[in-house]
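Engineer: coords please:
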Amino acid sequence: MTELLRGYLDQILGVLNYRIFMLGGTEITPLSILYLVVLTFLLFWGSKRLRNIFVERILGKTQLDLGARVAIGTIMRYITLLLGFLIIIQSVGIDLTTLNVLAGAIGIGVGFGLQNVASNFISGLIILFERPVKAGDRIEVDGVDGKVIGIGARSTTVRTNDNITIIVPNSKFIEENVINWSFRNESVRFRIPVGVSYNSDLHLVRKILLAIADSNPYVLDEPKPAVRLIEFGDSSINLQLWVWTTEQLQRKTAFVSALNFAIWEKFRDNDIEIPFPQRDLHVRSGRIKVKHDALSMEPEPENFNELLVDNEESAD
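Structural biologist: Residues are numbered from 1 along each chain as shown. This next block holds a predicted model:
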């Protein structure tokens, strides 16, 4: 029984140590490949765990904001992956100098077939170092409006108010115009357009709008809300209510909607009309003369064949 098990063991070891090919002076065997795969998996798993611990437990005790902590943790993970992968390759016995040809082939592949991947990766590094966009920011880019919840090597994860997660390539943040609602200063001014009729008391309208702004708990006291008369339109006097807020950047639609509802209710209570485009149609009195010449009327053909016959006769 022992000899049988030893025989099976020898066969397994023989398969694992079977030389597949030579890389420089190193034999590549199934055992070395398995060793490389397992260590690489552990490296990725361990680097991710290390980044989370570093960001939450160590950097979490500092005064750095969430975006800075995530950026530092992500850069540290990239460095850990690079150093760990080099150590794993050397522990397998592969000489790094033998990988020069492979590195050259990969470089050609990056130049031709992996341009977008390389561009997104480099853009991700630029974002992490320059930090024009960081985790927790409210951004608008390429039609996407949402909160940044993570910045990766290839893409950035954005979550909308509909709880939909959108994966945006990092190159979009370098090539496109990006609106960052919370860049450095989270105080943002909203402009609420309002139109009133020409019969309205503008001083009363201004007083009501400022009262609505003061009653909203999310409107800042400084800078103070303001009302501006923008233009005298065709059907209305157009004004804007200017308010500042910091807490409603992630709920812009709900914030503006609450102000609009309050404006509608206050205007209704004070008999202030919100006009809509109207047109007056003036019809002048008179007679319309229709001239009917019976001689100019020709009988229509009864059918399509009669029409063809008439055409052929006229052609002859």
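Engineer: Please enumerate the helices of the stretch 1-150 of the chain.
Structural biologist: 2-16, 30-53, 66-92, 100-112, 115-130 (DSSP state H, counting those that start in this stretch).
Engineer: Which of those helices has the lowest mean pLDDT?
Structural biologist: Least confident of the helices of the stretch 1-150 of the chain, judged by mean pLDDT, is helix 100-112 with a mean of 63.
Engineer: quick one, phi psi at G195?
Structural biologist: phi -120, psi 130 (degrees, to the nearest 10).
Engineer: Leaving out chain neighbours, which residue sits closest to it?
Structural biologist: With CB to CB, 6 or more residues apart in numbering as the criterion, G195 has its nearest non-adjacent residue at 3.5 Å, and that residue is S236. Just so you know, the C-beta spots here come from the backbone N, C-alpha and C atoms, and that holds for glycine as well.
Engineer: Give me the neighbour count for that neighbour.
Structural biologist: 19 (other CB atoms under 10 Å).
Engineer: ok, so what distance separates it from I33?
Structural biologist: 75 Å (CB to CB, to the nearest Å).
Engineer: What backbone torsions are found at P217?
Structural biologist: The phi/psi pair for P217 (degrees, to the nearest 10) reads phi -70, psi -20.
Engineer: residues near it, how many?
Structural biologist: Using other CB under 10 Å, P217 has 7 neighbouring residues.
Engineer: And the helices of the stretch 1-150 of the chain: which comes nearest S215?
Structural biologist: helix 66-92 (31.7 Å; CB to CB).
Engineer: Show me what the closest one is packed up against.
Structural biologist: Contacting helix 66-92 under the criterion 3 or more CB pairs under 8 Å, 6 or more residues apart in numbering; DSSP states H and E are the following elements: helix 30-53, helix 115-130, strand 144-151.
Engineer: Mind putting these into a markdown table with distance to G60?
Structural biologist: As requested, the helices and strands packed on helix 66-92 are exported to a markdown table (distance: least, CB to CB, whole Å):
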| stretch | distance to G60 |
| --- | --- |
| helix 30-53 | 10 |
| helix 115-130 | 19 |
| strand 144-151 | 17 |
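Engineer: Now do the residue nearest the centre of the chain against T165, distance only.
Structural biologist: The centroid of the chain falls nearest to V144 when counting by CA atoms, centre = their mean (3.3 Å). Counting by CB to CB, the separation of V144 from T165 is 11 Å.
Engineer: do the same with R77
Structural biologist: R77 is 21 Å from T165, by CB to CB.
Engineer: Compare neighbour counts for those two and give me the winner.
Structural biologist: R77 (21 against 11).
Engineer: tell me the secondary structure for E222?
Structural biologist: The three-state label given to E222 by DSSP: H, G, I helix; E, B strand; the rest coil is coil.
Engineer: For it, which non-adjacent residue is closest in space?
Structural biologist: Closest to E222 by CB to CB, 6+ apart is W244, at 7.9 Å.
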